[in-house]
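Next input, structure requested:
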Amino acid sequence: MSKSVEELGWIVYNLDRIFNKLWEYSPGSKLKPKNTDTYILKWLIVGAALVILRNLPWVSYAIYIVAGLRILDIIQAAIYIVIFNPARENQHTVQDIRRSLILLVVNYVELIFFFGLLYVNLPFKDVAPLLLPPHDAFYFSAISQLTVGYGDIMPCGVTKLIAVVQAFIGWGFSVLILASFVSALPKLVEESKHGNDRV
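Numbering: from 1, shown residues only. Just a heads-up that it's a prediction; the model follows:
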């Protein structure tokens with residue numbers, strides 16, 4: 001059962017309700033843990049196929065749809081699983097803390113990939129046809145998310161906004177990963193103590 005407005009406050013209570021509803025409709029919520037790996041792999045294969053077929057006329061729309069859906073899916077799932085689900089009473093929580101930490105890191109890398117997929121079709125300054133080759137698009141995605149920003153590739157137009165959004169999401173994911181790791185440390189230390197006692 002969800003906590004009340006008085007316990008959480010109006011903003012957190014409503015965010016909890018929104019992310020709970022989004023999670024109910026997410027394809028990832030229907031998966032068993034062992035199928036999560038396959039689910040991620042299928043998204044990556046579809047993304048890679050779109051990069052290969054990027055010059056076909058209809059593919060640019062498919063790139064926006066696939067990348068946008070996967071980015072939203074990753075964000076809502078991570079926020080729900082890491083922040084809101086553990087706060088619920090009588091709800092299952094993530095059983096294997098190591099697996100959830102690894103999946104957060106995998107999701108972080110996936111975000112780099114799917115933002116890079118978006119950048120394949122977006123305009124950049126000082127690029128001959130205005131579109132980057134795929135290797136440069138993924139490179140720009142990585143340096144944007146890691147907030148390195150060497151300045152060798154410069155976005156223009158709507159690409160600037162998407163790069164800022166990606167940097168903000170990357171920062172938020174870094175905080176989620178760090179917070180999850182720090183909160184899991186006592187449990188991991190306890191598990192390792194019990195494991196050493198058995199040996």
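
In this structure residue 169 contacts residue 75, no?
Yes. Contact criterion C-beta atoms under 8 Å: residue 169 and residue 75 qualify, at 6.6 Å. Every C-beta, even on glycine, is put in place using the N, C-alpha and C of the backbone.

downstream neighbour of the host helix or strand of residue 143 in the secondary structure list?
In the assignment (DSSP states H and E), residue 143 maps to helix 134-145. As assigned by DSSP H and E, the chain's next helix or strand after helix 134-145 is helix 158-198.

Counting by contacts, list what that next one packs against.
helix 59-79, helix 97-119, helix 134-145 (3 or more C-beta pairs under 8 Å, 6 or more residues apart in numbering; DSSP states H and E).

Helix 97-119 and that one, what's the angle between them?
Inter-element angle recorded for helix 158-198 and helix 97-119: 160 degrees (by axes from the mean of the first three to the mean of the last three C-alpha atoms, to 10 degrees).

picking up where we left off before, right, and the helices and strands packed on helix 158-198 - which one's nearest residue 158?
Nearest of these to residue 158, taken as C-beta to C-beta: helix 97-119 at 10.1 Å.

what's the closest of the helices and strands packed on helix 158-198 to residue 192?
helix 97-119 (11.2 Å).

Name the residues of that closest one that are buried.
Using 16 or more other C-beta atoms under 10 Å as the test for burial, helix 97-119 gives 97, 100-101, 103-104, 107-108, 110-119.

Could you pull up the mean pLDDT of it?
Average pLDDT, helix 97-119: 90.

Quick one: work out the angle between that helix and helix 59-79.
Here helix 97-119 points in a direction 150 degrees away from that of helix 59-79 (the same axes, to 10 degrees).

Where does pLDDT dip in this structure?
1-8, 23, 27-34, 85-96, 128-130, 188, 191, 194-199 (pLDDT under 70).

In contact with the spatially most central residue of it, which residues are there?
Nearest residue to the geometric centre of the chain (C-alpha atoms, centre = their mean): residue 74, 3.8 Å. Contacts for residue 74 (C-beta atoms under 8 Å, 6 or more residues apart in numbering) come out as 107, 110-111, 114.

could I get those residues as JSON lines with distance to residue 26?
Listed next are these as JSON lines, based on distance: C-beta to C-beta, whole Å:
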{"residue": "107", "distance to residue 26": "13"}
{"residue": "110", "distance to residue 26": "15"}
{"residue": "111", "distance to residue 26": "16"}
{"residue": "114", "distance to residue 26": "16"}
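
Which one of the residues you listed is nearest to residue 132?
Checking those against residue 132 with C-beta to C-beta, the nearest one is residue 114 at 15.3 Å.

can you count the residues close to residue 170?
20 (other C-beta atoms under 10 Å).

Excluding chain neighbours, what is closest to it?
Among residues not flanking residue 170 along the chain, residue 145 sits closest, at 3.5 Å (C-beta to C-beta, 6 or more residues apart in numbering).
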